[in-house]
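**Student:** model this:
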Amino acid sequence: MKNINWKIWKPRTDIVQTIIIGILVLVVLLNNFSLVAQFLGKLNPLASYQKRVEQAEQRNVILEFDRVRLEDVSNILLAIQDYYFQKNTFPESLESLKNAGYLDPNSRLIDPGTNQQYFYEKREQDFVLCVRLSDMLKGVNTTSCPSTDGKESSAVEQNILSEKQEANTGEVEIVADSVINIRVEPNTSSDVIAKVNPGDTFTFQDIKDNWYKITVTAEKIGWINGDYVKVLKSP
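**Tutor:** Coordinates of the predicted model:
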């Protein structure tokens, strides 16, 4: 009788065990969903490649805009020079420079990236010309250029800046066999401001030459070598 009962209940016990194991596996997967997502992302590099292509295309657009702006600067400055030599005064505006025939009628006076006219101002003894490139000012007397607080930055330039900032932020875990030094600057000769332990996690807000700038405390923000960290989360 006992043997018969054993044969009847054994399959049921296996089913229960299978269900329990399945539930445990599901719980583990749910708890590590981000890790699974990262793993799947590595298996499908197409999305990452596509993003790099889009970023490269955006940078190429900015470089092309900068080339056009530099060309505009040269043309405008030459026209102002000719105007001054012939009239012994500076033009009242860029439009008047074009209307007087010193600039080709098709010459660009509008920034191709911002759709704003290049800044020009006649003064008593000289003039101000401001042409804003992606990371500098080009022209004459640029220290007198009006501040725009970034309002004239093109949408493409703002997108790239945002992507760069996001790419350099996230969370890391310390992976080392011993205590690791946090330094003031991203090099081994810089002063040590803190020490961190293996397994500790921190947020980082910048990356430079395989060094991560992490926040240890509100008062202590420094750099750790990338060989001792594992990125847990990044955009």
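**Student:** And the pLDDT at Lys233?
**Tutor:** What the model reports as pLDDT for Lys233 is 62.
**Student:** How about Ile110?
**Tutor:** 85.
**Student:** Looking at strand pairing, list the partners for it.
**Tutor:** Taking DSSP bridges as the rule, Ile110 bridges to Gln117.
**Student:** if I pick it, what's in contact with it?
**Tutor:** Contact analysis of Ile110 by C-beta atoms under 8 Å, 6 or more residues apart in numbering lists 116-118. Where C-beta positions appear, they are placed from N, C-alpha and C, glycine not excepted.
**Student:** ok, it to Val131 distance?
**Tutor:** 11 Å (C-beta to C-beta, to the nearest Å).
**Student:** Mutual contacts of those two, please.
**Tutor:** Joint contacts of Ile110 and Val131 (C-beta under 8 Å, 6+ apart) are Tyr118.
**Student:** can you list the weak-confidence ranges in this structure?
**Tutor:** Scanning the chain for pLDDT under 70 picks out 1-14, 16, 27-48, 148-168, 233-235.
**Student:** Would you map the strands across it?
**Tutor:** 119-122, 127-132, 137-140, 170-174, 180-183, 192-196, 201-208, 211-215, 221-225, 229-233 (DSSP state E).
**Student:** Could you list the buried residues of stretch 57-76?
**Tutor:** In terms of neighbour count (16 or more other C-beta atoms under 10 Å), stretch 57-76 has its buried residues at 58, 61-62, 65-66, 69, 72-73, 75-76.
**Student:** wait, I meant stretch 128-138
**Tutor:** 128-134, 138.
**Student:** Which two of the residues you listed have the greatest separation?
**Tutor:** The widest separation within the buried residues of stretch 128-138, taken as C-beta to C-beta, falls between Val128 and Ser134 and amounts to 20.5 Å.
**Student:** Can you check which of the strands of the chain gets nearest to Leu24?
**Tutor:** strand 229-233 (23.5 Å).
**Student:** Now the closest one - C-alpha only, CSV.
**Tutor:** Taking Å, rounded to 0.1, in the frame of the first residue of the first chain, the C-alpha atoms of strand 229-233 are listed here in CSV:
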residue,chain,number,x,y,z
VAL,A,229,34.9,50.7,-11.0
LYS,A,230,32.0,48.9,-12.7
VAL,A,231,29.3,51.1,-14.3
LEU,A,232,26.0,50.0,-12.8
LYS,A,233,23.8,52.6,-14.5
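**Student:** Can you tell me the strand partners of it and which way each runs?
**Tutor:** strand 170-174 (antiparallel).
**Student:** Check what contacts the partner strand and list those residues.
**Tutor:** With C-beta under 8 Å, 6+ apart, strand 170-174 has contacts from 180, 196-204, 212, 214, 224, 228-235.
**Student:** then it to CSV, C-alphas only?
**Tutor:** Presented in CSV, the C-alpha positions along strand 170-174 are these (Å, rounded to 0.1, in the frame of the first residue of the first chain):
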residue,chain,number,x,y,z
GLY,A,170,25.6,57.5,-13.9
GLU,A,171,26.4,55.2,-11.0
VAL,A,172,29.4,53.0,-10.4
GLU,A,173,30.4,50.2,-8.0
ILE,A,174,34.0,49.9,-6.5
